[in-house]
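Enquirer: Starting from these lines, generate the structure:
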Amino acid sequence: MENRFEDIARVYDRMFLRDLEADRDMLVSILERYGAETVLDCACGTGVHTEVLAREGFAVIGSDASEHMLGVAREKLSGSGLEVDLYNSTWRDLPGVVPGKYDAVVCMGNSLSLEPDGQAVTESLKGMFEVLEPGGVLLVSGTNVDRQLAENIEIEVVEPEPECFLMLVRDFGETKTTHRFFFIDAAGGEPSMRHFRFDLLNLTAADLEFSVRQAGIARFTFYGEKDFTPYSQYESERLILVAEKRSDSHS
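Expert: Numbering: from 1, shown residues only. The predicted structure follows:
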């Protein structure tokens, strides 16, 4: 279904640093606040957060548009002794693919920015919201693009593993930013380099709010950090959407 991640799937987890403890605290906090037991981790990728939720005792399933990413997730979860159902689906197709509805739907990372335009973002939010139980909660977490555009940092280099380096080169555009990732693996043997390119929507807070409202979502709040600090346009590191589905809602 989704081929952009075919080459990157096997090295994805090595390329990107994650604060899984902070992610766990954020997810558990919001899920406990809403009394959630069943959770859909959509755009689950390699299953990093799916595994976190399963270990915390939630009845979690995962979905992703990339079968290549799901293949890595299946190996990871199976190797950890966890039985989790995974489904190959885009967000808009979720209602026809995943079984039933869920107390919570979570979408971590910058996945929504992979959509081609704002209308596609709206349709994706509709798909997520449709598989949410009335009274349930939707959490979407991503980078604060407003701050990223203001800072205009074109090149970043990090060392996600010893002797491995990731160089990110950004080419900022009016509606999209091209991200070129150069992953240099110098750990043992001959050094190697892999190159990946993704064009991401400049999904600002204003753009996301417009799509949220277009999707018919009335109750929502933006947060700026994983501890649910209020969102600040140019100071927050994250843009975190928390939306509640009204208990009298049937959509």
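Enquirer: Dig out what Val140 forms beta bridges with.
Expert: With DSSP bridges as the criterion, Val140 is bridged to Cys107, Leu241.
Enquirer: Give the burial count for it, as a bare number.
Expert: 24 (other Cβ atoms under 10 Å). The way it works is simple: take the backbone N, C-alpha and C, and place the C-beta from them, glycine included.
Enquirer: cool, and Val212?
Expert: Around Val212 there are 21 other residues, counting by other Cβ under 10 Å.
Enquirer: cool, the one 10 residues further on as well?
Expert: The local packing of Phe222 (other Cβ under 10 Å) involves 20 other residues.
Enquirer: bridging residues for it?
Expert: Following DSSP bridges, Phe222 is listed with bridge partners Leu241.
Enquirer: for it, what are its contacts?
Expert: Each residue near Phe222 by Cβ atoms under 8 Å, 6 or more residues apart in numbering is listed here: Ala205, Leu208, Glu209, Pro230, Tyr231, Leu239, Ile240, Leu241, Val242.
Enquirer: cutoff 10 Å now
Expert: 144, 205, 208-209, 212, 230-233, 236, 238-243 (Cβ atoms under 10 Å, 6 or more residues apart in numbering).
Enquirer: Can you tell me which of these is nearest Ala150?
Expert: Ala150 has its nearest neighbour among these in Gln233, at 8.4 Å by Cβ to Cβ.
Enquirer: Next, count neighbours for the residue nearest to that closest one when sequence neighbours are not counted.
Expert: Nearest residue to Gln233, sequence neighbours excluded (Cβ to Cβ, 6 or more residues apart in numbering): Asp146, at 4.7 Å. Neighbourhood size, Asp146 [other Cβ under 10 Å]: 21.
Enquirer: How about Leu86?
Expert: Using other Cβ under 10 Å, Leu86 is surrounded by 21 other residues.
Enquirer: Now do the same for it: its pLDDT.
Expert: Looking at Leu86, its pLDDT reads 98.
Enquirer: and it, backbone torsions?
Expert: Main-chain dihedrals, Leu86, degrees, to the nearest 10: phi -120, psi 140.
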